[in-house]
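> would you be able to build a 3D model of this:
(chains A and B)
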Amino acid sequence: MSEKLFEPRIIGFLCNWCTYAAADTAGVSRMKQPANIDVIRVMCSGRVDPTFILKAFREGADGVLVAGCHPGDCHYTEGNYKTLRRMTLLHQILEQMGIDRRRFRLEWVSSSEAPKWVQLTQEFTDQVRALGPLNWSGTVLAGLPTAAEHVCAQEVAE
Amino acid sequence: MSEKPKLKLALYWAASCGGCEIAVVEINEKLLDLDAVADILFWPVAVDAKYDDVRAMPDHHIDVCLFNGAIRTSEQEEIAHLLRCKSKVMVAFGSCACEGCIPGLANFYSRDGVFERAYLTTPTTDNPEKILPQTVTKVPEGEIDLPEFYNTVLTLDDVIPVEYYVPGCPPQPHQIWAVIEAIVTGNLPEPPAVVGAGNKTVCDVCRRTKGEKKVSKFYRPFEIEPDPDICLLEQGIVCMGPATRNGCAEDRALCVEVNMPCRGCYGPPPGVTDQGAKLVASLASVVDSNDPEEIERILSDILDPAGTFYRFSLSKSLLRRAKV
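Residues are numbered from 1 along each chain as shown, chains lettered A, B, ... in the order given. The predicted structure is shown next:
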């Protein structure tokens, strides 16, 4: 194997009103940022069901980022407080499942904070890169059967 | 009596506690009605038939197989395959076969961890030679073999295709009877489908008064004497009602009626893949604080959140097991 640097795959759920706008500004302003974060735009960070995060980890994400408006600035008044509470509890679940808490982050980035977004993506990408690949289905679930197909001996004979 | 040939049934238990067998017997005198229309060809707990008797049957000989228990050994997987071949319709019967249930909680540990606890460190175990189960053991008379114990507890549909799912730990007798009636009269829906349960959540049928929920402290059931008329979650008791399928009683919530919170045994409601994640969403959003530290403090009242929210569904959850 070559000495190529491990490039983590990170899923980012960004709120439409703040963080997505910041990421957009960063892009339009041609600020340099790592290409490791796959951005999914949601209307509010409160829309991010914990199921999405577990699904991202199950399907190959090495890290997951949820980012929205600063507390008090939610476009829908208090969606981000709900996010804060849910993600606090989800952190405990992830830890019990054996997923390092540094692989999952909740951050507040307002639409005027494009430089903060750039710094965050850089920092988080480096952090996840240092942790190495998670590869949930290839390691933890390796070899486990799913959605079984079945053929009986008699059917084979026919 | 009737010209129709009798229905051929089989029942099997894999990684389960035996509660599902008791639940079947709990249909009481209706067992006689069942006997009038059906022959039970195989039921290890009650009928003297051997694996070889099943092997000798032609394929699809059994009409319906009610299979309870999760899959955690090679023997259970082998019999699941065998019964799949011999049965026209396969039913995952009870929470273990559907979602892993209590045996599935072993997925928080590895096989080695389970063995160490069960055979070495439990206070009542006396095993100075540290003997652990082996798949093959040599004795003077020859070799003895035991089924392999898997590292991960699987659900029935992980290893074979399943037509119907009957949730519950155990399925309630009135639901079992409803399923048997549907089988006998040929009124089963298009597979795959959940039968013998509702299509809503436990909260939908719970008769407690529900208001706006704001929780500043969570209690374990023994720490508080709850008001019998108000939503348990509002009183700070972790109740799985919001993320659990109804069906344990007709238009009622069985455990909740006796002041015990719903534990989630009927599995996720329709459209939900991960029961625990849904409870994280609903439970955390009722926490009465906007301050990160206070939120953390309030949520720390919940000991073992993963074990509580995935008590019945870890094997079928998105992550399926913990990384050990």
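> tell me how far the most centrally placed residue in chain A lies from chain B.
The residue lying closest to the centre of chain A (Cα atoms, centre = their mean) is A:Val64, at 1.9 Å. For A:Val64, the distance to chain B equals 13 Å [Cβ to the nearest Cβ, to the nearest Å]. To be clear about C-beta, it is placed using only N, CA and C from the backbone, and glycine gets the same treatment.
> so for the one helix or strand that residue maps to, mean pLDDT?
For A:Val64, the element it lies in under DSSP states H and E is strand A:63-68. Averaging pLDDT along strand A:63-68 yields 98.
> now stretch B:104-123
96.
> so is that stretch next to chain A?
Yes - using Cβ under 8 Å from any Cβ of the partner chain, stretch B:104-123 reaches chain A at B:Phe108.
> how far away from the center of its chain is that stretch?
Relative to the mean C-alpha coordinate of its chain, stretch B:104-123 is positioned 20 Å out (Cα atoms, centre = their mean, to the nearest Å).
> again with stretch B:41-49
That offset, for stretch B:41-49, works out to 22 Å (Cα atoms, centre = their mean).
> can you pull the residues of chain A lying near chain B?
Residues of chain A lying near chain B (Cβ under 8 Å from any Cβ): A:49-51, A:53-55, A:57-58, A:71, A:78, A:81-82, A:84-86, A:88-90, A:92-93, A:96-99, A:136, A:139-141, A:144-150, A:152-155.
> worst-scoring helix or strand of chain A, pLDDT-wise?
Least confident element among the helices and strands of chain A, by mean pLDDT, DSSP states H and E: helix A:153-157 (a mean of 64).
> before we move on, back to that, note down every partner strand of the strand holding A:Val64 and its orientation.
Under the criterion DSSP bridges, strand A:63-68 sits next to strand A:10-15 (parallel), strand A:104-108 (parallel) in its sheet.
> buried deepest among those, which one?
strand A:10-15 (a mean of 25; mean count of other Cβ atoms under 10 Å in any protein chain shown).
> ok, then the element right after that strand?
Assigned by DSSP H and E, the successor of strand A:10-15 is helix A:19-28.
> pull the CA atoms of that following helix into CSV?
Extracted C-alpha coordinates of helix A:19-28, given in CSV (Å, rounded to 0.1, in the frame of the first residue of the first chain):
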residue,chain,number,x,y,z
THR,A,19,-24.6,27.3,8.5
TYR,A,20,-25.5,26.5,5.0
ALA,A,21,-25.4,30.2,4.2
ALA,A,22,-22.0,30.4,5.8
ALA,A,23,-20.7,27.4,3.8
ASP,A,24,-22.1,29.0,0.7
THR,A,25,-20.4,32.3,1.4
ALA,A,26,-17.1,30.5,2.0
GLY,A,27,-17.4,28.7,-1.3
VAL,A,28,-18.4,31.9,-3.3
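> test my guess that B:Asp288 contacts B:Lys217.
No - using Cβ atoms under 8 Å, B:Asp288 is not in contact with B:Lys217, being 9.2 Å away.
> which residues do those two both contact?
Common contact partners of B:Asp288 and B:Lys217 (Cβ atoms under 8 Å, 6 or more residues apart in numbering or on different chains): B:Ile298.
> the residue nearest to the centre of chain A and A:Ala56 touch, don't they?
Yes - applying Cβ under 8 Å as the test, A:Val64 and A:Ala56 come out as touching, 5.0 Å apart.
> give the intersection of the neighbour lists for the two.
Contact criterion Cβ under 8 Å, 6+ apart; residues shared by A:Val64 and A:Ala56: A:Ile11.
> so how far is A:Tyr81 from the residue nearest to the centre of chain A?
Using Cβ to Cβ, to the nearest Å, A:Val64 is found at 20 Å from A:Tyr81.
> now A:His70
11 Å.
> the more surrounded of the two?
A side-by-side neighbour count of A:His70 and A:Tyr81, using other Cβ atoms under 10 Å in any protein chain shown, places A:Tyr81 first with 20 against 14.
> ok, that one - contacts?
A:Tyr81 neighbours (Cβ under 8 Å, 6+ apart): A:71, A:74, B:290.
> how about B:Thr152?
A:141, A:144, B:107, B:315, B:320-321.
> about what we covered before: a markdown table for the strands paired with strand A:63-68, including distance to A:Ala26?
Below are the strands paired with strand A:63-68 laid out as a markdown table (distance: least, Cβ to Cβ, whole Å):
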| stretch | distance to A:Ala26 |
| --- | --- |
| strand A:10-15 | 11 |
| strand A:104-108 | 14 |
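> the closest residue to B:Gln76 other than its chain neighbours: how many residues sit nearby?
In this structure, B:Gln76 finds its nearest non-sequential neighbour in B:Ala14, 3.8 Å apart by Cβ to Cβ, 6 or more residues apart in numbering or on different chains. B:Ala14: 22 surrounding residues under other Cβ under 10 Å.
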